[in-house]
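sequence and predicted structure below; questions after.
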Amino acid sequence: MSEKNREGKRTARERLAVEREKQKAGERRRRTLIVTASVVCVLGLAAVIGVVAANAGKDDGRDSAGPVVAPSGAQGKDALAIPVGADDAKATLTVWEDFRCPACKAFENNYRSTVHGLTEAGKLKVEYHLVTLIDGNMGGTGSRNAANAAACAQDAGKFPAYHDVLFRNQPPETDDAYARDSELIDLAGKVDGLDTPAFRTCVEDGKHNSWVVKSNEAFRKGGFSGTPTVLFNGKNIYADQSMTPAKLKKMVQEAAQG
């Protein structure tokens, strides 16, 4: 083999070796980029989780540890029940509700007209207890702020109408829209005579926040499994799969007859 041919083969081998090294270096860079990107994604996810955890249940700065101010006309132990209907009715419906709770909205949609008819006829008394279960589960303050606003509506003698407006306009469970005072005040405009300076001040100051917190504590201490919890003359009827508005009406009529 000539010297020229040997030199050509050696040069070719050297070029191949150089190319292989380039390929190896490129592969190492690619692996490094993948690992780096993965780390960044994990750190980014951790940062998002950290932000969510940090904000979950975060208060909006308004005092929930101040004096407990019950709304006008509240009744029962520690004045934690907002009554609707005749005090002398022989049938009492006790309802524990959260304004962010989808199941509570479903209950209201199904039973609203029946309950209204019975309370207006003087045959049924309803005692509403307001709960902040979704705030605890999902984070935020919408349950509390909406309950405070409903208590403010009770001060103005407008609780039943505003209660219904809040459930009819309930945002998705994950949307803490009721944490915004502006949202609660806008909805008050749907109730004749409710959107007044006194109502706005009550909402914005969180006048009944501590009362709402105490109501929620009573719910937890009561050992109830969730919202809504509905008791008829002390008996839990929400878990009764056979319960219907017609059956509830019949039970109220039977109670009225003694």
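Done, it's in. Numbers count the residues shown, from 1 in each chain.

buried ones in the helix or strand hosting Cys202, by neighbour count?
Taking DSSP states H and E as the criterion, Cys202 maps to helix 197-205. For helix 197-205, a neighbour-count test (16 or more other CB atoms under 10 Å) marks 199-200, 202-204 as buried. Heads up, the C-betas are built off the backbone N, CA and C, glycines and all.

same thing with stretch 115-134?
115-116, 118-119, 123-134.

circling back: quick one: the helix holding Cys202 to chain centroid distance?
Put simply, helix 197-205 sits 22 Å off its chain's centre (CA atoms, centre = their mean, to the nearest Å).

what's that helix in contact with?
Contacts to helix 197-205, defined as CB atoms under 8 Å, 6 or more residues apart in numbering, come from residues 62, 145, 148-149, 151-153, 155-156, 181, 184-185, 188, 207-208.

report the rounded mean pLDDT for it.
Helix 197-205 carries an average pLDDT of 98.

what comes up buried for the helix or strand just after that helix?
For helix 197-205, the following helix or strand on the C-terminal side (DSSP H and E) is helix 209-221. Buried residues in helix 209-221, counted by 16+ other CB under 10 Å: 209-216, 218-219.

okay, now the closest residue to Phe159 other than its chain neighbours: neighbour count?
In space, and not counting its chain neighbours, Phe159 is closest to Ala153: 4.9 Å by CB to CB, 6 or more residues apart in numbering. A count of nearby residues for Ala153, using other CB atoms under 10 Å, gives 27.

direction-wise, compare whichever helix or strand Ala153 is part of with helix 197-205 and give the angle.
Assigned by DSSP H and E, Ala153 belongs to helix 142-155. If you take axes from the mean of the first three to the mean of the last three CA atoms, to 10 degrees, helix 142-155 sits at 160 degrees to helix 197-205.

chain center to helix 142-155, what's the gap?
The answer for helix 142-155 is 14 Å, by CA atoms, centre = their mean.

likewise for stretch 88-97?
Worked out by CA atoms, centre = their mean, stretch 88-97 lies 24 Å from the chain centre.

now do stretch 202-210
On CA atoms, centre = their mean, the centre of stretch 202-210 falls 18 Å from that of its chain.

same deal with stretch 184-203?
21 Å.

low-scoring stretches of the protein, by residue?
In the predicted model of the chain, residues 1-65 satisfy pLDDT under 70.

please redo it, this time with the cut-off set to 50
For the chain, the stretches with pLDDT under 50 are 2, 4-5, 29-58.

that older thread, nearest to Gly76 among the buried residues of helix 209-221?
Distance to Gly76 across the buried residues of helix 209-221 (CB to CB) is lowest for Ala218, with 9.4 Å.

and the buried residues of stretch 115-134, which two are furthest apart?
Lys123 and Ile134 (31.8 Å).

out of the contacts of helix 197-205, the closest to Val252 would be?
Out of the contacts of helix 197-205, the member with the shortest distance to Val252 (by CB to CB) is Ala153, at 25.3 Å.

pretty sure that closest one sits against Ala188.
Yes - if you go by CB atoms under 8 Å, Ala153 and Ala188 touch, sitting 7.2 Å apart.

joint contacts of the two?
162, 194, 199.

Ala149: what's it in contact with?
Counting by CB under 8 Å, 6+ apart, Ala149 touches 162, 166, 178, 184, 188, 202-203.

at 6 Å instead, please
Shown in contact with Ala149 (CB atoms under 6 Å, 6 or more residues apart in numbering): 184, 203.
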